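Novice: Sequence first, predicted coordinates after that:
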Amino acid sequence: MSVAISTTSPIIIAHRGASGYRPEHTLAAYELAIALGADYIEPDLVSTKDGVLIARHENEISETTDVASHAEFARRQTTKIIDGESKTGWFTEDFTLAELKTLLAKERIPQMRRHSPPQASQNTAYDGLLEIPTLQEIIDLVKLKSAEINRAIGIYPETKHPTYFKSIGFALEAPLLATLTANGYHGANAPVFIQSFEVSNLQDLSTKTDLPLVQLLNNIGKPYDFVVSGDERTYADLVTASGLEEIAKYAQAVGVHKNLLVPRDSSGKLLLPTSLVIYAHAADLLVHVWTFRNEDCFLPLDFQGNPQGEYELFFSLGIDGVFSDYPDTACAVKENL
Ligand code: G3P
Ligand code: CA
């Protein structure tokens, strides 16, 4: 890729595509996100049985595909322990890419995002119509659309369950870097952010690539590689000033749960902002925040019916980007800053 992304902060990252309007992690969701003004599109990545990176939020795919209705795959249903949790279903690593291409995506939350005119959400109307895309197909789409609209769109891939995939011989990092390199992405200014909820795979990636890396930070729990290694630190330890300074040794940004910036009380009402942005910027880390959604059930009490107000609050804190299911809403607020 010869053109660095030309956007101003905060960047708008389409979370799993424009997933408020299309089934997540489909080319249709990514294409719409680009049309709606997103700066980056976000594929979560898992591996197939033949080592191909595909976009799914989990390696267990019954929630977001029609795999359960494929009689030929009925015997592939199984139970596995993924990141310490028992999961029953169908797993991407048990299917070749050719087999996965016979499946079709469906909406994850159809009760909320059903096709019901005149509402804008049309997600369930696309159930059974869209394939699972590969990382390469997503990059091809990004290149095509960037050329069409003369604007460099970035990609923001996440390694999902990296310790697990490494343990079964399908480490995600090597094919990810190989694919990015083969497609011309290189250097610190490339329109790419590689993200992970784990720490050790990012530390290892930092020795192998100059592409920007993002440490994801949840508001509960700890990185799963810390569970495996016996590291006692939690995400709460990583968001301290000293924790952020440690992250800055191998990453260029943090991707944080929004409650870490503006906590909520038990009723869902917002409390005062924390110092996370100040500490992160002091450590020379960008701050990208997840996940912004328009539906009231995801919004704090303070902004019911007003998702724009939530963006305005977070933008006022000086953040550098947002992950949004509704990139059009995010872009509209950004334009009025
Ligand atoms: O990757 C950051 C953001 O996407 C939140 O995580 O669970 O939606 O992949 P998740
Ligand atoms: Ca993600």
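Specialist: Structure's in. What do you need? Ligands and ions are numbered 1, 2, ... in the order given.
Novice: and the stretch 101-250 of the chain, which residues reach ligand 2?
Specialist: Counting by CB under 5 Å from the ion, the residues of the stretch 101-250 of the chain close to ligand 2 are residue 158. Where C-beta positions appear, they are placed from N, C-alpha and C, glycine not excepted.
Novice: which helix of this structure spans the most residues?
Specialist: Longest helix in the chain by number of residues (criterion: DSSP state H): helix 135-149.
Novice: quick one: the closest residue to ligand 1 within the stretch 151-300 of the chain from residue 260, how far?
Specialist: Distances between the stretch 151-300 of the chain and ligand 1 by CB to the nearest ligand atom are smallest at residue 290, namely 3.9 Å. Distance of residue 290 to residue 260, given as CB to CB, to the nearest Å: 10 Å.
Novice: repeat for residue 150
Specialist: When CB to CB is the yardstick, residue 150 and residue 260 sit 36 Å from each other.
Novice: And these two? Which one has more around it.
Specialist: residue 260 (20 against 7; other CB atoms under 10 Å).
Novice: Please name the residues that touch that one.
Specialist: By CB atoms under 8 Å, 6 or more residues apart in numbering, the contact set of residue 260 is 217, 219, 239, 274, 276.
Novice: Restricted to helices, list those.
Specialist: If you go by DSSP H, the contacts of residue 260 have residue 276 in helices.
Novice: Between the contacts of residue 260, which sits nearest ligand 2?
Specialist: residue 217 (12.6 Å; CB to the ion).
Novice: nearest residue to that closest one other than its sequence neighbours?
Specialist: Leaving aside its chain neighbours, residue 217 sits nearest to residue 256 (4.7 Å; criterion: CB to CB, 6 or more residues apart in numbering).
Novice: Would it be right to say that that neighbour lies in a strand?
Specialist: Yes: Residue 256 forms part of a strand when assessed by DSSP: H, G, I helix; E, B strand; the rest coil.
Novice: one step back: drop anything exposed from the contacts of residue 260.
Specialist: 217, 239, 274, 276 (16 or more other CB atoms under 10 Å).
Novice: give me phi/psi at the second one?
Specialist: The phi and psi torsions at residue 239 (degrees, to the nearest 10) take the values phi -90, psi 10.
Novice: For residue 221, see how far away it is.
Specialist: To residue 221, residue 239 is 12 Å away according to CB to CB.
Novice: Please apply the same query to the last one.
Specialist: Applying CB to CB, the value for residue 276 to residue 221 is 17 Å.
Novice: Quickly list what the spatially most central residue of the chain is bridged to.
Specialist: Note on the chain: the residue nearest the mean C-alpha position is residue 42, at 4.8 Å, using CA atoms, centre = their mean. For residue 42, the beta-bridge partners are residue 15 (DSSP bridges).
Novice: Surely it and residue 14 touch.
Specialist: Yes: using CB atoms under 8 Å as the test, residue 42 is close enough to residue 14 to be in contact (6.1 Å).
Novice: which helices and strands does the longest helix of the chain pack with?
Specialist: In terms of contacts (3 or more CB pairs under 8 Å, 6 or more residues apart in numbering; DSSP states H and E), helix 135-149 is packed against helix 27-35, strand 53-55, strand 154-155, helix 173-182.
Novice: Most tightly packed of the ones you listed?
Specialist: strand 53-55 (a mean of 26; mean count of other CB atoms under 10 Å).
Novice: Averaged pLDDT, stretch 272-280. What do you get?
Specialist: Averaging pLDDT along stretch 272-280 gives 98.
Novice: Can you point out the buried residues in that stretch?
Specialist: Buried-residue list, stretch 272-280, by 16+ other CB under 10 Å: 273-274, 276-277, 279-280.
Novice: Contacts made by that stretch with the rest, please.
Specialist: Residues from elsewhere that reach stretch 272-280, judged by CB under 8 Å, 6+ apart: 239-241, 244, 254, 256, 260-263, 286-287, 317-319.
Novice: about what we covered before: show me which pair in the buried ones among the contacts of residue 260 is furthest apart.
Specialist: Using CB to CB, the two most remote members of the buried ones among the contacts of residue 260 are 217 and 274, lying 11.9 Å apart.
Novice: all strands for the stretch 201-337 of the chain, in order.
Specialist: 213-217, 253-257, 286-292, 321-324 (DSSP state E, counting those that start in this stretch).
Novice: which secondary structure elements does the third one contact?
Specialist: With contacts taken as 3+ CB pairs under 8 Å, 6+ apart, strand 286-292 sits against strand 11-15, strand 253-257, helix 276-282, helix 307-316, strand 321-324.
Novice: a markdown table for those, including distance to ligand 2?
Specialist: A markdown table is the format used below for the helices and strands packed on strand 286-292 (distance: least, CB to the ion, whole Å):
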| stretch | distance to ligand 2 |
| --- | --- |
| strand 11-15 | 7 |
| strand 253-257 | 8 |
| helix 276-282 | 19 |
| helix 307-316 | 18 |
| strand 321-324 | 7 |
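Novice: for residue 256, what are its contacts?
Specialist: Residues counted as contacts of residue 256 (CB under 8 Å, 6+ apart) are 216-217, 239, 276, 287-290.
Novice: and stretch 153-161, how far from the chain's centre?
Specialist: 6 Å (CA atoms, centre = their mean, to the nearest Å).
Novice: Good, wrapping up.
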